[in-house]
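1. quick one: sequence plus predicted model below, questions after.
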Amino acid sequence: RDEPRRFVHVAAAVEHLVTEDAVRADAPALRHLPHWALAKPSLALRLLEARFGAHPLVTAYAVRVLRHAPWRTIMFYTPQLVQALRNDRTGLVEQYLLDACRRHELLAHQVIWNTQTLTEPDDEGHLDAALAAAAVGDVDSAAAAA
């Protein structure tokens, strides 16, 4: 973490740069993320978890990774992407999903199915209101229009 510029070409090294402590402290090293090599989509989705506090640079990096991944790969991660809407304070995840749904009809159907599933009460009658509100919004309607 002392000299992150030396490792911007090593995608896997992003795990050592983006830590909960670095995000919490808004570490200056995070400013290297826009230039960092692209990691795997699975890592990008981990970076969208709540524990990283939806840091704008971390979110932007994760979305950049997702934008470069094949859409068929992203289809496998649709539930995690819909869940990531809960922590999307920047609007970047939502915008990514909207754009991807407009381009890929099958992905749009997956997003619709996932948002509808997540906005229905579970077997015990519980509904995650925060996720429901985030999931239903523009993403569901845009996906339906795709």
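-> Structure's in. What do you need?
2. separation between the closest residue to residue 78 other than its chain neighbours and residue 62?
-> Excluding the flanking residues, the one nearest residue 78 by C-beta to C-beta, 6 or more residues apart in numbering is residue 110, at 4.3 Å. From N, CA and C alone the C-beta is placed, and that goes for glycine too. From residue 110 over to residue 62 the distance is 19 Å, taken as C-beta to C-beta, to the nearest Å.
3. if you count what's nearby, which of the two comes out ahead?
-> Shown here are residue 110 and residue 62; by other C-beta atoms under 10 Å, residue 62 has more neighbours (28 against 21).
4. so where's this structure shaky on pLDDT?
-> Across the chain, the ranges flagged by pLDDT under 70 are 1-2, 119-123, 125-146.
5. next, count neighbours for residue 86.
-> For residue 86, using other C-beta under 10 Å, the count is 19.
6. picking that back up, which helix or which strand is home to the residue nearest to residue 78?
-> If you go by DSSP states H and E, residue 110 is part of helix 105-118.
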